[in-house]
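> Sequence and predicted structure are below.
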Amino acid sequence: MTKLTLDDLKNIREKASENSSLSGKDTNVKIVVYMGTCGIAAGAGEIMNTLVEEKKASKRDDIKIVASGCMGMCSTEPNFSVEIKGEDPVVYKNMDRNMTRQVFKRHVMKGEVQTGFALGRI
């Protein structure tokens with residue numbers, strides 16, 4: 001088994017940081033869909049598919065959509081958060097396809113937080 005060097009570890013950390021934050025030079029928006037067991041049971045897969053469809057339709061390459069594990073708010077699933085560069089992330093709760101489309105079109109595309117669907121800011 002090959003041993004990792006300090007440089008190998010630094011490279012791994014850099015790549016992981018690029019994938020998990022807005023630090024990437026081409027990413028202005030990150031959407032995190034919480035897909036723990038309870039989220040998936042509540043419909044997080046459908047929410048993920050809807051977000052991917054909306055991103056594709058928007059033709060914007062600066063939006064990153066990622067899956068994450070459970071956020072610990074089972075009673076409000078499915079949840080996802082929207083993080084726009086320079087702003088606090090907002091978590092949305094009890095989402096369905098139509099609400100997700102609205103959040104994408106208004107918050108992600110226009111910067112208008114949809115407070116009626118928001119659980120809170122992180």
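It's in. Numbering: from 1, shown residues only.
> what about the strands in the protein?
In the chain, the segments counted as strands under DSSP state E are 29-34, 63-68, 80-84, 90-92, 118-121.
> could these go into TSV alongside mean neighbour count and mean pLDDT?
From N, CA and C alone the C-beta is placed, and that goes for glycine too. Below are these laid out as TSV (neighbours: other C-beta atoms under 10 Å; pLDDT from 0 to 100):
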stretch	mean neighbour count	mean pLDDT
strand 29-34	23	96
strand 63-68	17	94
strand 80-84	22	96
strand 90-92	22	97
strand 118-121	14	84
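> closest to residue 6 out of those?
Residue 6 lies closest to strand 63-68 among the strands of the chain, at 27.6 Å (C-beta to C-beta).
> got the CA coordinates for that closest one in PDB?
The C-alpha trace of strand 63-68 is given here as PDB (Å, rounded to 0.1, in the frame of the first residue of the first chain):
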ATOM      1  CA  ILE A  63     -24.700  26.800  -9.800                       C
ATOM      2  CA  LYS A  64     -23.500  23.700  -7.900                       C
ATOM      3  CA  ILE A  65     -26.100  21.200  -6.600                       C
ATOM      4  CA  VAL A  66     -24.800  18.700  -4.100                       C
ATOM      5  CA  ALA A  67     -26.300  16.000  -1.900                       C
ATOM      6  CA  SER A  68     -25.600  15.800   1.800                       C
END
